[in-house]
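A.B. asks: Here's a sequence, model it:
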Amino acid sequence: GNPRILIDITDTHRIGLETGIQRVVRKIGEAAARSGAALPVFIEDGRLYPGYAPAGDRKPIEVRKGDRFVLLDSGWIFAEEYRPILDQVSAADGLIVACLYDLIPIRYPGAYGGQRPRSFVEWIDKVVLGADAVVAISRSVADDLLVYAEETGAVLKPGFSVGWWRLGADSVAGAPLTPSRHVQKIAAAGSPFFISVGTLEPRKCHSFAIDTFEQLWNRDVAANYVIVGRKGWHVDALIRRIEEHPAYRKCLFWVSDAGDADLHFLYANARGVIAPSFI
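C.D. replies: As a prediction, the model looks like this:
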């Protein structure tokens, strides 16, 4: 058959999360499946299977000559499982295109407990820098990868190229969805509210933002702070601080399970977005 675009959704398929990178992967994978422009796939027992197909219809997919394998997901968690598949693609004269979100675990290991995650380093060194091409989520990330490749003396494939794309678009525009009652209640509280959106993790500096709002609340300034995002890593103390805070559910809110409708509603009604970070 003709060469195909195979979009990797392994991590999203296994973990089942709905936010962050997984939301992007899910949206693109579903749109690809609907349109037929590409085929979402996941790795299981060393083989590729079609994504978003009924379980009974899932038969292994063989790599065809010239297939493009797009590593869209955050597959570094399962880095060791990709090598056989990548070897098959290369042997079939296909192309491996890796999507790079950032090099934060390498550049800022303090955000990950002080050490570079070994599987992430292996993913960058052996998979991303071993690809035929890389698409980064920003020009700065693309530039950073090239600097890292030079620092480590990486041996790149002939014709290796790095590009980047812009973020922030949904593939399908549908009718407005109804947000949850919890989110509607936050917006109806009367005071202007500000939101921070993203997984709770050390580098997002939510504690710094809370410190700032405490100063406002101590001056009787009417301003609410809404944290939107699931619990990440090394944030147990932060979660305790939020849930035990005197202002919790009064002018400090945490929405850990926001769906698309909730997120659209909060963005549309917030006074502003706050994105603190130590990076």
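
A.B. asks: Tell me how many other residues crowd residue 71.
C.D. replies: 25 (other Cβ atoms under 10 Å). Using the backbone N, CA and C atoms, a C-beta is placed for each residue, glycine as well.

A.B. asks: Checking the nearest residue to it once chain neighbours are set aside next. Helix, strand or coil?
C.D. replies: Leaving out its chain neighbours, the residue that sits closest to residue 71 by Cβ to Cβ, 6 or more residues apart in numbering is residue 98, at 4.4 Å. Under the three-state scheme (DSSP: H, G, I helix; E, B strand; the rest coil), residue 98 adopts strand.

A.B. asks: Pull the contacting residues for residue 98.
C.D. replies: 71, 127, 128, 131, 133, 134, 135 (Cβ atoms under 8 Å, 6 or more residues apart in numbering).

A.B. asks: what two of those have the greatest distance between them?
C.D. replies: Using Cβ to Cβ, the two most remote members of the contacts of residue 98 are 127 and 135, lying 13.8 Å apart.

A.B. asks: before we move on, the earlier item: tell me the spacing between the residue nearest to residue 71 and residue 117.
C.D. replies: To residue 117, residue 98 is 17 Å away according to Cβ to Cβ, to the nearest Å.

A.B. asks: about what we covered before: quick check: helices, which of the contacts of residue 98 are part of them?
C.D. replies: Using DSSP state H, no member of those falls in helices.

A.B. asks: Contact partners for the closest residue to residue 199 other than its chain neighbours?
C.D. replies: Leaving out its chain neighbours, the residue that sits closest to residue 199 by Cβ to Cβ, 6+ apart is residue 232, at 4.2 Å. By Cβ under 8 Å, 6+ apart, the contact list for residue 232 reads 199, 200, 201.

A.B. asks: From what I see, the second one and residue 231 are in contact.
C.D. replies: It stands for residue 200. Yes: under the criterion of Cβ atoms under 8 Å, residue 200 makes contact with residue 231 at 5.4 Å.

A.B. asks: Give the residues shared as contacts by these two.
C.D. replies: Common neighbours of residue 200 and residue 231 (Cβ under 8 Å, 6+ apart) are residue 239.

A.B. asks: Strands along the stretch 51-200 of the chain, start to end?
C.D. replies: 68-71, 95-100, 133-136, 161-164, 193-197 (DSSP state E, counting those that start in this stretch).

A.B. asks: Save the contacts of residue 98 as CSV, and put in distance to residue 24 and pLDDT too.
C.D. replies: Formatted as CSV, these follow (distance: Cβ to Cβ, whole Å; pLDDT from 0 to 100):
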residue, distance to residue 24, pLDDT
71, 13, 97
127, 19, 94
128, 17, 96
131, 19, 97
133, 19, 98
134, 16, 98
135, 13, 97
